[in-house]
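K.L.:
Here's a sequence, model it:
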Amino acid sequence: MKVGRKKWVIFLLLSVVYMASPLEVQANTLHEMNVEMELLENGTAIITEQREMTMDEGTELFIVINEEQGLEVIDFHVENMTGLSEWDSDQSRDEKADTYGILDTRDGKELVWGIGDYGRQTYELNYTVSNVVRQLNDGQSMHWNFNTFGDIQPETMTIEITGPFSFSDADTRIWGFGYEGQIELVDGSVYSYTEGAIQSDRPATVLVQFLNDPFLLSYYEDRTLESVLEEAESNASRGGGGDSEFDGRILAAIFGGIALLFGGIIGLIVKIEQSKKEQGKIPTSHEQRKRNKGLYFTDIPYKDGDITDIAFFLKQLQKGSFEHYFFAFLLKWSKDNCLIIEEEKGKKKKQSRLTFLPDTFKRRRENSVDVSDVETQLWDTLIEASDENNQMSSKEMKKWAEKNAEKLSSFEKLILDESKNKLISEGYIIEETLSFLTVRIPFTAITKKGQRTYDQLTQFENHLDAISKDDSLSYRQLIPEESFLMWASLYGKEEEVITQLEQLLPGWDEQEIDYIPYYYTHYYGLHVFSSSMSSGYTSAGYSSSAGFGGATSIGGGGGAIGGGGGGAR
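P.N.:
Numbers count the residues shown, from 1 in each chain. As a prediction, the model looks like this:
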């Protein structure tokens with residue numbers, strides 16, 4: 001009897017513990033979420049969400065859009081449902097079925113719709129938000145938080161962003177933050193997808209920066225593209241947690257209390273920047289493009305040295321990335337017979353093999369002043385990475401670039417440092433200081449000689465844009481064909497040049513044409529090799545930070561606007 005009683009006591013105790021313990025049950029499941037964002041010319045976004053869900057509890061679903069910094073929800077509807085002018089969350093599930101509505105909140109809007117029947121469901125939402133793309137001092141930017149799922153995080157998610165025109169590699173930079181996945185430009189659109197679990201309390205943001213100011217925008221922010229990227233890389237914006245409201249109030253109180261102080265600081269910053277401009281501060285890319293709008297330079301824009309000399313100026317224009325320079329060097333070495341390119345044909349995926357010729361490069365370096373230290377170091381690095389016959393395949397290059405991405409990333413800094421020192425020593429730019437109150441503020445000023453070169457580089461970009469849009473303008477082209485492709489590659493425009501060539505002369509790469517340099521026929525092989533480097537670089541997480549696509553970042557996402565979570569209730 002005593003043993004039996006002990007068993008009953010243990011059983012009852014265990015039952016109490018079991019019933020008191022919280023059960024983690026995923027009642028509602030978002031199997032797949034596909035988002036399409038269409039950007040209009042005025043910066044408005046039309047967003048479509050397609051959700052495959054299994055619903056087991058609740059009466060309604062909702063998403064949160066924070067109407068901040070000029071954002072405004074101007075339309076919302078759910079396919080195959082009826083819109084209600086007033087939404088009552090206290091109604092039953094049956095009463096809410098097949099209907100949707102909008103609720104005003106302190107920070108914006110909740111877009112709400114009825115769950116309908118429990119079980120497997122497909123929902124398609126459409127909503128339109130104004131001022132999603134913003135005009136900055138040196139370009140245009142869109143940083144949107146796609147976390148409208150809140151605590152019902154999707155098992156898989158895709159994001160596609162389109163516009164009234166194709167987004168080009170040359171003028172578009174892309175990043176993804178807050179989720180594990182990939183982001184890339186595909187056929188003129190931004191495409192991203194997840195490769196791992198998504199956290200409900202993290203943002204899922206995409207940052208797209210447009211360097212050529214293609215949109216006609218009315219919303220302006222007094223900041224730079226770089227500052228937006230720095231904020232996105234270093235901070236996390238709010239995700240979809242249900243406890244963020246209290247934190248938001250605290251933050252609002254704190255920031256509201258020091259708003260006047262910030263206002264004074266901003267006034268001082270504006271004054272300081274104006275003083276810098278008066279003392280010759282180098283123009284931003286936005287100012288520079290505005291200054292040179294409608295002007296064209298059709299010859300080689302810089303003839304006083306090596307192509308790395310002007311990397312600092314190209315950086316101001318958001319051009320001349322390490323990937324751009326890497327491909328330009330391959331073209332240069334091919335033109336100078338410092339390497340041999342071979343393509344393995346008959347395979348679904350083309351493989352290229354390079355054979356480096358050290359003796360030829362050594363002779364060219366000894367007989368030419370147009371060989372920078374960074375070019376020599378990069379050449380030596382590739383020789384060291386190649387086999388005993390000085391050969392390397394594109395597949396080997398990808399693996400090597402991924403393994404040595406940190407070393408390759410140092411070349412970009414080296415290119416910029418070498419360029420800036422060269423421009424200072426040759427009188428193109430000057431390191432100046434501004435005395436403000438008791439503080440001395442350093443900045444980079446540009447000389448008349450430097451401004452002339454900076455203008456020519458900007459006007460050459462205008463020339464590339466013009467002939468890419470209108471073949472009939474090719475008569476303006478004054479650069480020798482043997483150098484044109486290399487210069488176009490520094491702006492990321494080499495593919496457009498080759499595309500034009502294909503349209504004018506189909507099958508050109510299989511013919512001998514007198515005025516087309518022979519090394520052009522190796523373009524595709526060199527491009528495969530360059531892409532392999534970029535792919536390996538990206539896989540290590542470096543190229544994405546440069547804005548050319550690749551792996552997204554699990555962290556970051558600060559400063560994003562739009563989505564503020566969501567869920568069921």
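K.L.:
Every contact and neighbour count from this point should use C-alpha atoms.
P.N.:
Noted.
K.L.:
Next one, pLDDT for Thr458 please.
P.N.:
Looking at Thr458, its pLDDT is 94.
K.L.:
correct me, but it touches Gly294?
P.N.:
No. Taking Cα atoms under 8 Å as the definition, Thr458 is not a contact partner of Gly294, at 10.6 Å.
K.L.:
Comparing the two, which residue is more hemmed in?
P.N.:
For Thr458 versus Gly294, neighbours defined as other Cα atoms under 10 Å are more numerous around Thr458 (24 against 11).
K.L.:
Which residues does whichever strand or helix holds that one contact?
P.N.:
Element membership of Thr458 [criterion: DSSP states H and E] is helix 448-469. With Cα atoms under 8 Å, 6 or more residues apart in numbering as the test, helix 448-469 has contacts from 288-289, 292-299, 301-302, 313-314, 317, 423, 427-429, 473-474, 488, 491, 493, 496-497, 500.
K.L.:
Quick one, which of those are buried?
P.N.:
288-289, 295-299, 301, 313-314, 317, 423, 428-429, 488, 491, 493, 496-497, 500 (16 or more other Cα atoms under 10 Å).
K.L.:
where does the stretch 351-500 of the chain dip in pLDDT?
P.N.:
Low-confidence segments of the stretch 351-500 of the chain, defined by pLDDT under 70, span residues 351, 368-370, 436-437, 471-482, 496-500.
K.L.:
Just the element for the most centrally placed residue in the chain, please.
P.N.:
Centroid-nearest residue in the chain: Ile174, 1.2 Å away (criterion: Cα atoms, centre = their mean). Assigned by DSSP H and E, Ile174 belongs to strand 172-177.
K.L.:
So which elements touch that strand?
P.N.:
Contacts defined by 3 or more Cα pairs under 8 Å, 6 or more residues apart in numbering; DSSP states H and E place strand 172-177 against strand 181-186, strand 205-210.
K.L.:
can you put those strands in TSV and add distance to Asp309 and mean pLDDT?
P.N.:
Converted to TSV, the helices and strands packed on strand 172-177 look like this (distance: least, Cα to Cα, whole Å; pLDDT from 0 to 100):
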stretch	distance to Asp309	mean pLDDT
strand 181-186	29	85
strand 205-210	25	93
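K.L.:
who are the neighbours in contact with Ser189?
P.N.:
Glu160, Ile161, Thr162, Gly163, Ser166, Phe167.
K.L.:
Mind listing residues that contact stretch 75-84?
P.N.:
In contact with stretch 75-84 (Cα under 8 Å, 6+ apart) are residues 98-102, 111, 113, 123-129.
K.L.:
where do the helices sit along the stretch 1-150 of the chain?
P.N.:
2-20, 93-96 (DSSP state H, counting those that start in this stretch).
K.L.:
which outside residues touch the shortest one?
P.N.:
I take that to be helix 93-96. For helix 93-96, using Cα under 8 Å, 6+ apart, the contacting residues are Gly58, Thr59, Glu60, Trp113, Gly114, Ile115, Gly116.
K.L.:
and of those, the nearest to Asn42?
P.N.:
The shortest approach to Asn42 among the contacts of helix 93-96 belongs to Trp113, at 28.6 Å (Cα to Cα).
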